[in-house]
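[1] A predicted structure for the sequence below; I have some questions about it.
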2 protein chains.
Amino acid sequence: MRPAKLDDAQRQAALATLDGWQVVPGRDALTRQFRFADFNAAFGWMTQVALMAEKLDHHPEWFNVYNRVDVTLTTHDAGGVTELDVQLARFMSRAAA
Amino acid sequence: MRPAKLDDAQRQAALATLDGWQVVPGRDALTRQFRFADFNAAFGWMTQVALMAEKLDHHPEWFNVYNRVDVTLTTHDAGGVTELDVQLARFMSRAAA
């Protein structure tokens, strides 16, 4: 079963546990910008995230230019942020730390 | 030595040899949208491109969501499209074919 959309209180509680993530203005989605030493480090991180995304069957929206990756997470099926997004966000932060 | 920016005639000639690429309106850059069977295929292709980008020391701007990758190529050092962009664009098209 796919997880349900978090309500406002649940989303705020989840955000409080996440490092550097914010709600996208006007959209039920989480966003964070990551910066790395160079493209090699950025893409290495993206590869770690891609493997986890496949495992979760849950995929990011992301934009990369050189050492920068802008990520947006939301669960299209649920119409908003779910526990899956929180899980993937937590993995991304940990892998980039 | 880094390549010089192509002039209009050179850019048009290069575009004529590239499959599905266009000039970005209002920007001296090339763009193409790629679609794949799923995220796995899209990210597999991105990985091939990343290895080539490192080899060329020339990197794309790209946005991925699930099976879609939107690519923009330009050479920041040169302030526009150079032979490096044409080379990377050609590689991307071939790898996606």
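    Received, thanks. Numbering: from 1, shown residues only, chains lettered A, B, ... in the order given.
[2] CA only for contacts and neighbour counts going forward, please
    Noted.
[3] for stretch A:5-14, which residues meet the burial criterion?
    Of the residues in stretch A:5-14, those buried by neighbour count under the rule 16 or more other C-alpha atoms under 10 Å in any protein chain shown are A:5-6, A:11, A:14.
[4] those residues into TSV, with extra columns for pLDDT and distance to A:Val86?
    What follows is these, written out as TSV (pLDDT from 0 to 100; distance: C-alpha to C-alpha, whole Å):
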residue	pLDDT	distance to A:Val86
A:Lys5	96	11
A:Leu6	97	10
A:Arg11	94	9
A:Ala14	95	7
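[5] of the residues you listed, closest to chain B?
    A:Lys5 (19.8 Å; C-alpha to the nearest C-alpha).
[6] residues near A:Thr72, how many?
    When neighbours are counted by other C-alpha atoms under 10 Å in any protein chain shown, A:Thr72 registers 22.
[7] which of the buried residues of stretch A:5-14 fall within strands?
    Using DSSP state E, no member of the buried residues of stretch A:5-14 falls within strands.
[8] could you export those as JSON lines, including distance to B:Gln22?
    What follows is the buried residues of stretch A:5-14, written out as JSON lines (distance: C-alpha to C-alpha, whole Å):
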{"residue": "A:Lys5", "distance to B:Gln22": "39"}
{"residue": "A:Leu6", "distance to B:Gln22": "41"}
{"residue": "A:Arg11", "distance to B:Gln22": "41"}
{"residue": "A:Ala14", "distance to B:Gln22": "42"}
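[9] can you redo the residues you listed as a markdown table with distance to chain B?
    Converted to a markdown table, the buried residues of stretch A:5-14 look like this (distance: C-alpha to the nearest C-alpha, whole Å):
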| residue | distance to chain B |
| --- | --- |
| A:Lys5 | 20 |
| A:Leu6 | 22 |
| A:Arg11 | 23 |
| A:Ala14 | 23 |
